[in-house]
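[1] Would you be able to build a 3D model of this:
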Amino acid sequence: MPEKRHIVIRSIRGWLLIWAAAGFGFAQTQIDLRMQARNVDFSTARSTRPSKTGTVLPTACAVGETFFKSDAPAGKNQYGCTATDTWTLQGGDALPAMAGNADTVLSTDGTNGQWRALGGDLRGKPEAVTVTGIQGRGVAANSPADGNVLQWNATAGQWMPSLPPSAPPNYVTTFSAATLVAVAGTAHGFATANLLVDCYDNSTPPQRVETDQVTIDAVTRNVTIRFSTAQTGYCVINGGAGGAGGGPVSLGGDVTGSTSNTTVSRIQNRPVAAAAPSDGQALVWNAAAGSWQPQAVATNNVSMSAQLGDLNVVRTSGTTLTIGAGCSAATPCNVRFGGTVYSIKNGATATLTSGDGIAYIYISPGGVITVGHNVSLTCSSGCAAVTGITAFPADVIPVFTWTALGGVWEASGGSDQRAWLGAKVLNSGAGIAISETSGQTVVGVDTATVPTYTTGSAVLDFPAIPNSGCAAEQTFSVPGAATGDAVAAGWPAGLETGLIGMMRVNEAGSVAVRLCNFSGASVDPAIATFRATIVRNF
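    Predicted structure coming up:
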């Protein structure tokens, strides 16, 4: 029994030594988590750093390594080794630094991102943009008053809110027994060549005098008035002022271009024409062109024909004139020829091809918009082009003239010839009848008042006539003569003394002549020409 106990004790001691040795060896062996761990959970670990850290990327790296660059801006810290010894910033495209870039928008040229401030025609924060220009032309910050228009100020070089220009007073010049009246632009003082000229005689009340021609120089504004016959009276002139580092963001809607060079090309989704404005012009809506366009502003003086929209002519491009853009079925442009009124319900365009000259725009007696010219042009539907015209025809209604130079309509070459207040009244008098035919006034003779005349003549040879005797009647033809008509006799200038004659219509188309002798002796009349005139009154 004692022997067995010793064996057991020795066995226990041996296992203890083996266990102790095994425990000592385990304490000094590193564990390979890749091979010996499963479902590792570091959520309760006091500290975890899966990446290397520092301010300088290591020169060498193996694919899959990560590095946390501690001095980089937030969001740009994490790098991965994507190829041997090659570090790449992780997390996709990085935003440019936000510090110091308040109130800007993010832009890119397809490679790099940048923050850009709004520019061009726009200023301010993206959420509170202010339009400071239109088509690259500045807009004044002045507050507009009720009824103001946005008017171009050439001196200030910007659009400014202002009242529509008021009409200056009329200018009056008198003349006496004149066929030409000349008024210098410096005399009438109007700052536009868009003038209305009317002339009157010196009767009481004054009667309007029809001018033969009115010429207004577009530059000097000198007015020349011509009459076909000498006139005495006065003329009234009136008128009215008439990148390597990233690109900008592309914008849309009412603006085009980039954020750094924005152009306002629309207002409330309505296009704005790119044409440069002249001093005093305002943006006016052109329905035919469908855009806001710089145009002269009509005055508040209702005597100005240019204030009316009917058949207005506008230069919509260097080669195109738009005629009567406001004429429609709802608002027709009406013209009158005598007692006939034509309603023009569609406008038209005249397109210049080439040449230098003048286009005469008028309404023909048939109510058609017509462009007479000595250049090369075409007319749209509803318009007729007539070549070889160098002045307004006498039987038309003048509308406009426009000059062309070098195949281009001149920007200031238009002259308004409309005269909506003009009228010429014809009244019939004794023996005069007036009628309307196809819009034209026809003046004729009233046969119920004015007599008609029929004349005939013949050479007659009467035989010798004894004293106190009469020769046999001789006849000659007078077409249209009827029995009972009165005859005015035309006797030969050399009819012998003492001969007395008589003429009568003896039958239709024939006049009989009788000669009697009361000279006291026989007379043989010389061969002579006898004439008869039939006077017929109704």
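
[2] how near is the nearest residue to Gln474 once chain neighbours are set aside to Arg504?
    Nearest residue to Gln474, sequence neighbours excluded (CB to CB, 6 or more residues apart in numbering): Leu460, at 4.9 Å. (C-beta placed from N, C-alpha, C; glycine too.) Between Leu460 and Arg504 the distance is 15 Å, computed by CB to CB, to the nearest Å.

[3] next one: Thr262
    102 Å.

[4] Comparing those two, which residue is more hemmed in?
    Neighbour totals were compared for Thr262 and Arg504, and Thr262 leads with 25 against 18 (other CB atoms under 10 Å).

[5] tell me the secondary structure for Gly138?
    strand (DSSP: H, G, I helix; E, B strand; the rest coil).

[6] State the distance from it to Leu150.
    Taking CB to CB as the measure, Gly138 and Leu150 are separated by 12 Å.

[7] if I look at the two, which residues touch both of them?
    Jointly contacting Gly138 and Leu150 under the rule CB atoms under 8 Å, 6 or more residues apart in numbering are Trp159.

[8] the more surrounded of these two?
    Just comparing Gly138 and Leu150: by other CB under 10 Å the higher neighbour count belongs to Leu150, 19 against 15.

[9] just checking, Tyr79 touches Pro58?
    No - with contact defined as CB atoms under 8 Å, Tyr79 does not reach Pro58; the gap is 9.8 Å.

[10] Which neighbours do those two have in common?
    In contact with both Tyr79 and Pro58: Phe67, Trp87, using CB under 8 Å, 6+ apart.

[11] More neighbours: those two, which one.
    Using other CB under 10 Å as the criterion, Tyr79 and Pro58 rank with Tyr79 on top: 23 against 13.

[12] what helix or strand is that one on?
    strand 78-83 (DSSP states H and E).

[13] Quick check: next helix or strand after that strand?
    Next along from strand 78-83, by DSSP H and E: strand 86-89.

[14] thinking again about what came up before, thinking in terms of the whole chain, how far from its middle is the strand holding Tyr79?
    65 Å (CA atoms, centre = their mean, to the nearest Å).

[15] Dump the C-alpha coordinates for stretch 503-510 into CSV.
    Provided in CSV are the C-alpha atoms of stretch 503-510 (Å, rounded to 0.1, in the frame of the first residue of the first chain):
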residue,chain,number,x,y,z
MET,A,503,-79.4,126.7,-139.2
ARG,A,504,-81.7,124.0,-137.9
VAL,A,505,-81.7,120.3,-137.3
ASN,A,506,-83.8,119.1,-140.1
GLU,A,507,-83.5,115.4,-139.2
ALA,A,508,-81.5,113.2,-136.9
GLY,A,509,-77.8,113.7,-137.5
SER,A,510,-78.3,116.4,-140.0
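
[16] Please work out the average pLDDT along it.
    Mean pLDDT, computed over stretch 503-510, is 94.

[17] Over to stretch 233-252?
    Rounded mean pLDDT across stretch 233-252 is 61.

[18] let's number from 8 now, not from 1
    That works, and once the first residue is 8, the last one we named lands at stretch 240-259.

[19] Okay, now the unreliable bits of the stretch 158-307 of the chain?
    When residues are selected by pLDDT under 70, those of the stretch 158-307 of the chain lie in 170-176, 247-260, 264-268, 275-276, 304-307.

[20] To clarify, my last question referred to the stretch 358-507 of the chain.
    Checking the stretch 358-507 of the chain against pLDDT under 70 turns up 427-432, 444-447.

[21] got the contact list for the residue lying closest to Glu503 once chain neighbours are set aside?
    Distances taken as CB to CB, 6+ apart put Val530 closest to Glu503, at 5.3 Å, once the chain neighbours are dropped. Taking CB under 8 Å, 6+ apart, we find Val530 in contact with Ala471, Ile472, Glu503, Gly505, Leu506, Asn524.

[22] per-residue confidence at Asn544?
    63.

[23] Quick check: neighbours of the helix or strand that contains Thr358 in the sheet, parallel or antiparallel?
    Here Thr358, judged by DSSP H and E, is contained in strand 355-361. Next to strand 355-361 in the sheet, as set by DSSP bridges, lie strand 327-330 (antiparallel), strand 383-386 (antiparallel).

[24] Show me what the following helix or strand past it is packed up against.
    Once strand 355-361 ends, the next helix or strand along the chain (criterion: DSSP H and E) is strand 364-370. With contacts taken as 3 or more CB pairs under 8 Å, 6 or more residues apart in numbering; DSSP states H and E, strand 364-370 sits against strand 327-330, strand 376-380, strand 404-412.

[25] Out of those, indicate the one that is most buried.
    strand 376-380 (a mean of 25; mean count of other CB atoms under 10 Å).

[26] rewinding a little: make CSV from the helices and strands packed on strand 364-370 and add distance to Glu443 to it.
    Formatted as CSV, these follow (distance: least, CB to CB, whole Å):
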stretch, distance to Glu443
strand 327-330, 27
strand 376-380, 21
strand 404-412, 16
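
[27] Which of the ones you listed sits closest to Ala391?
    Evaluated with CB to CB, those place strand 376-380 nearest to Ala391, the distance being 4.7 Å.

[28] how about the helices of the stretch 58-207 of the chain, start to end?
    192-195 (DSSP state H, counting those that start in this stretch).

[29] where along it do the strands fall?
    59-61, 73-76, 85-90, 93-96, 112-115, 120-123, 129-130, 137-138, 140-141, 144-146, 156-160, 165-169, 178-190, 202-208 (DSSP state E, counting those that start in this stretch).

[30] what's Val512 in contact with, if anything?
    Contacts of Val512 (CB under 8 Å, 6+ apart): Val485, Ala488, Ala489, Thr490, Gly491, Asp492, Val494, Val518, Ala519, Ile541.
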